[in-house]
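Q: Coordinates only, no sequence provided:
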């Protein structure tokens, strides 16, 4: 009986220590995310399993090209995955299949070169107006531009809706990969 009580006590101790470690990691550092839909193809496919870095945006600014997971502005119960295209304070225009970014450094605008898009992918516009991104917003697009519900449809996303950025694709194993922010030339 004494050995059984020692075993139970050790088991409880292991469970408590595990929870003390796992719960903060899960709720404050990283989070799993399951891809649904084709809006990020060819870079992310339906049913892929990702790990989201939730902590980096607490210490670092969001960067153009980050792949972010955020709450859908029209229904915060839903989560979307898209690529961050325009930063706070910038303006964006989609014209003739190209994304043009206007900011302090480039008041005449620059065409965003997106090497991560599939061959022949162009960006269609809902309208050809320039969209101003407020200081607390970002503009996101899916990599599969013809099949993505993104900021062209629902507008800029408030930064408070952003959960984090994609850090790792863990499943399927043959596509496992760590993700970094792409480099752009301006």
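A: The structure has been received and is ready for your questions. Predicted model only: the values in this text are computed from it and were never measured.
Q: What is the end-to-end distance of stretch 121-130?
A: End-to-end distance of stretch 121-130 (C-alpha to C-alpha, to the nearest Å): 21 Å.
Q: Buried ones in that stretch, by neighbour count?
A: Across stretch 121-130, burial judged by 16 or more other C-beta atoms under 10 Å covers residue 123. Heads up, the C-betas are built off the backbone N, CA and C, glycines and all.
Q: swap in stretch 76-87?
A: For stretch 76-87, a neighbour-count test (16+ other C-beta under 10 Å) marks 79-87 as buried.
Q: now what about it, what contacts it?
A: Here stretch 76-87 makes contact (C-beta atoms under 8 Å, 6 or more residues apart in numbering) with 33, 35, 39-40, 44, 50, 62-72, 92, 99, 101, 103, 112, 116, 131, 133, 138-143, 148-151, 156, 161, 163, 166.
Q: Show me which of those residues are buried.
A: Listed as buried from these are 33, 35, 39-40, 44, 50, 62, 64-71, 92, 99, 101, 103, 112, 131, 133, 138-143, 148, 150-151, 156, 161, 163, 166; burial here means 16+ other C-beta under 10 Å.
Q: Can you show me the helices along this structure?
A: Secondary structure of the chain (DSSP state H): helices located at 2-24, 56-59, 151-154.
Q: can you list those helices in JSON lines and add mean pLDDT and distance to residue 182?
A: As requested, these are exported to JSON lines (pLDDT from 0 to 100; distance: least, C-beta to C-beta, whole Å):
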{"stretch": "helix 2-24", "mean pLDDT": "71", "distance to residue 182": "31"}
{"stretch": "helix 56-59", "mean pLDDT": "76", "distance to residue 182": "16"}
{"stretch": "helix 151-154", "mean pLDDT": "86", "distance to residue 182": "18"}
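Q: right, so of these, which gets closest to residue 125?
A: Proximity to residue 125 (C-beta to C-beta) singles out helix 151-154 among these, at 6.8 Å.
Q: And the contacts of that closest one?
A: By C-beta under 8 Å, 6+ apart, the surrounding residues in contact with helix 151-154 are 72-74, 82, 85, 94, 124-126, 131, 139-141, 157.
Q: swap the cut-off to 7 Å and go again
A: Helix 151-154 has contacts (C-beta atoms under 7 Å, 6 or more residues apart in numbering) with 73-74, 125-126, 139-141, 157.
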